[in-house]
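Participant: fold the following for me, if possible:
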Amino acid sequence: METRTFTVDSKLLRELGARLVGRPHIALAELVKNSYDADASDVVIRLLHDRIEVTDNGHGMTYRDILGKWLRIGGAHKERELASPKLHRPLTGSKGVGRLAVQLLANKLELHTTADSPDGEEIVLDVDWDEAVNAGDLTRAPVRIDRIQPSTTYAEQSRHGTKIILSELHNTWSAAAFEDLAREIWPLQSPFKDETDPAGQFRITLDGPYNEIVRRFNQQMRIVLDLWVAKLDGKLLAVGTNPPRRPIKVIRPDKAVDQTATDHDEDWDTPVDFAATESDEAPDRIVQLTFERRDQKQETIYYQLDKCHIDQLDFELRVFNLQYKQPAGIRVNEARSYLRRFGGVHIYDTGFHLPYYGPDADWLHIEIDHSHRLSRSRLLPKELQRPEGMNNLPTNSRLFGTVNVNTAHEHRMAGGRNISPNQALAIQISRDRLTETAGYRDLVVLVRWAIDYYAMNVLRRSFERTRKKEKDEEKPSSRIKKAKKKLQDHRDDLSEDAYNEIVDELDRAFNTSEVQEERYEAYLGTLGALATAGISALAYEHEVSKQFELLQQIAELLTSVDITRADANEWLKEIATELRQWIARSQSTHALFSYLLHPGNRETKGRFRANQTVTAILDQIRFLNPGVNINQNGIPANLRLPKGTYAEWSAILQNLFVNAFNAMKYSERRRLRISGATDVGESWLTIEDTGVGVDVENSERLFDPFVRELEVDDRAEDVALGGGGLGLTIVRMTADELQCTVQFVRPARGYATAVRLSWKDE
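Facilitator: Residues are numbered from 1 along each chain as shown. Sure, this is the predicted structure:
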């Protein structure tokens, strides 16, 4: 019996390379992954006219490594070792054939490598792939190796590492090809410029004379951070800055017992001795927050933290929602894995990255709030809260953010702000995290407030979209359009004549429904005004009764005047004065309804100037507000209301003003303030009064029919307008038709109630 051994045809080199890798950019990516597995911090890809060079500063290879690993086809040492020797990175390569893939790229390979050891020699290896493939037996494929004194300089001027030179290239490398390469290797690179964790520090640089290729490669390498669905940029404004809009007050978590406290508050609060800081004189500070969503324009808001122990702060937070297909060829699973590794909110102290803060550190208490199923924010005021709003709170794996502070500056500024230095923001001796001081507590509050605002905003936007969609779907014209679309999907199932006949009928029905909807909207606007007039009739009845009494008194005076008396003229002048007063009151009462008599006020739609409209409507109800101090100076001269009729706006504003008058009937200070503004495509009008106030948190129910918050006093029932629970229902109904949102909000200091009308500008 004769015994033989298997032989391996050297052509298997080419077969393995082609089948296991297949495409040039994946072959080049394998070389970069090898650099990552070699514990390199930097790898440079240099694209030249006739060659490609890949150089790293990894641990390099010894002569023994070359023989036992690099030249051994199919070696599984990476599967056995699992992690890199020095930095313990999870190894990316497998099967031991990645090096064979380079034959797809070039005909010749030259490798220089120097091990990271005191006596490391440089190994130079040459492979001619055509020669190797044509050798016949794989074990006879020639590889030339030289052992020389170290002379090659590797990436970042390192004396150890590996350099691979590919020449006689098989492909033309375009910008698109390098974009494909970037899609393969971007998860290896940290998003931080000076990452302090060596295991995560890995920079990939493309170098060469082709600027457009380099630009597109770099853009694709960082594209994952541009897949955000929302971005929040915050900056602490200088002391004494007056923002263009009234800032929202931050509710401190240690003072939120009556609003949002739970049994788990001790898990959220930073262990700071609050009593020790109550007597300091830290100034109130305002943060400017620019909030941007992919599908929306930017909006800028301001929020204020009283007694703030931070002097300098800026941050950028990006929120991700990695579902479905992502742009730029980014794979969802890789993007999620990337954020789990590098995500979270990181802190930089004068450019130095504090390694403690990141995906595994819940310093903003996000994960703990998720575990406790928190539904309300501990920091936002009541008017910004929505039930279950915190369900949209993003976890650390959906966040990437950077926070910039300067602890040295904070220590210097503490004395000037009468803050105890031990309460200022400070870094621990280990320089890996911040000390838990009052300054750190305020840092947590200011950054977390922005994230809570995002969570509530998501729910609000969703509610508005759902409400608009439901409203649109209720319209007959919308349903007809859907029916027509479905008909088009089944066009092949019908004859041409039948299809055209059905389309004609649908078109006629659509046109008819649109006309009817326009009439309905017009009738609805008039209905609101007429309903308001009906409510006003209660006050009108009382006013007419008073005027009849006044006329009766004047008539009695006239009949009793003795014209022969010396003071008869004085008597007549007094009666004439009373008659003029009666005429003025009668005209005011008439103004309550006269606007309805003019067809233009009921039918003509326009974008009226807010200030002029407010003035006209206040004149209509002037006799109902004696003694009320009205300030409308805060309405910009160029602010225009959404498109509507004067009758519709009269129905809205008259009801809101009258509600305010009734609420202030027995207030010591009776002040009404109307203000407005425009910011990034959205405008609003706010009406504030010093009346009895409303519970903002539960104020939505007040817009339902026959729900009353204000109980009109018995002694005032004969003079109060409304009070039956329909006024706000009319306001909401009419505002909806005008694409306008109406809601109660938190009033400014000195006022008890505030209601806001807001709309998107055309």
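Participant: next, the closest residue to Ala637 other than its chain neighbours: secondary structure please.
Facilitator: Excluding the flanking residues, the one nearest Ala637 by Cβ to Cβ, 6 or more residues apart in numbering is Asn611, at 6.3 Å. To be clear about C-beta, it is placed using only N, CA and C from the backbone, and glycine gets the same treatment. Judged by DSSP: H, G, I helix; E, B strand; the rest coil, the three-state class of Asn611 is helix.
Participant: list the residues that contact Asn611.
Facilitator: 632, 635-637, 639 (Cβ atoms under 8 Å, 6 or more residues apart in numbering).
Participant: kindly recompute the last result at 7 Å.
Facilitator: The contact partners of Asn611, by Cβ atoms under 7 Å, 6 or more residues apart in numbering, come to 632, 635, 637, 639.
Participant: same question, Asp50
Facilitator: Contacts of Asp50 (Cβ under 7 Å, 6+ apart): Ser167.
Participant: return the distance of stretch 437-449 from the chain's centre.
Facilitator: Offset of stretch 437-449 from its chain centre (Cα atoms, centre = their mean, to the nearest Å): 20 Å.
Participant: if I pick the most centrally placed residue in the chain, what's in contact with it?
Facilitator: For the chain, the residue sitting closest to the mean C-alpha position, by Cα atoms, centre = their mean, is Ala230 at 3.8 Å. By Cβ under 7 Å, 6+ apart, Ala230 lies in contact with 292-293, 319, 454.
Participant: what's the helix or strand for Pro209?
Facilitator: For Pro209, there is no helix or strand it lies in under DSSP states H and E.
Participant: count the residues that sit near it.
Facilitator: Counted with other Cβ atoms under 10 Å, the neighbours of Pro209 add up to 10.
Participant: do you know how far it is from Val43?
Facilitator: For Pro209, the distance to Val43 equals 19 Å [Cβ to Cβ, to the nearest Å].
Participant: and Asn34, by the same measure?
Facilitator: Separation of Asn34 from Val43 (Cβ to Cβ) stands at 9 Å.
Participant: more neighbours: those two, which one.
Facilitator: Val43 (29 against 23).
Participant: the more buried one pairs with what?
Facilitator: Asp56, Ile204 (DSSP bridges).
Participant: how about it, what does it touch?
Facilitator: Val43 touches 32, 35, 54-56, 155, 204, counting by Cβ under 7 Å, 6+ apart.
Participant: most neighbours, which of the residues you listed?
Facilitator: When neighbours are taken as other Cβ under 10 Å, the top entry among the contacts of Val43 is Asp56 (31 neighbours).
Participant: okay, and the nearest residue to Asn107 once chain neighbours are set aside sits in which element?
Facilitator: Computed as Cβ to Cβ, 6+ apart, the closest residue to Asn107 that is not its neighbour in sequence is Glu168, at 3.8 Å. Element membership of Glu168, judged by DSSP H and E, is strand 161-169.
Participant: what about stretch 306-322, average pLDDT?
Facilitator: For stretch 306-322, mean pLDDT rounds to 92.
Participant: centre of the chain to it, how far?
Facilitator: Stretch 306-322 has its C-alpha centroid displaced from the chain centroid by 13 Å (Cα atoms, centre = their mean).
Participant: now the strands for the stretch 251-400 of the chain?
Facilitator: Under the criterion DSSP state E, counting those that start in this stretch, the stretch 251-400 of the chain contains strands at 285-293, 299-305, 314-319, 344-349, 352-353, 399-405.
Participant: for the stretch 1-150 of the chain, same thing?
Facilitator: 42-47, 51-56, 106-114, 122-128, 144-148.
Participant: among those, which is nearest Glu700?
Facilitator: Glu700 lies closest to strand 42-47 among these, at 57.5 Å (Cβ to Cβ).
Participant: and the closest one with strand 161-169, angle?
Facilitator: Orientation of strand 42-47 against strand 161-169 (axes from the mean of the first three to the mean of the last three Cα atoms, to 10 degrees) gives an angle of 20 degrees.
Participant: okay, and the beta partners of Gly234?
Facilitator: Leu289, Phe315.
Participant: neighbours around it, how many?
Facilitator: Residues within reach of Gly234, counting by other Cβ under 10 Å, total 21.
Participant: cool, the one 4 residues further on as well?
Facilitator: Under the neighbour criterion other Cβ under 10 Å, Ala238 is assigned a count of 10.
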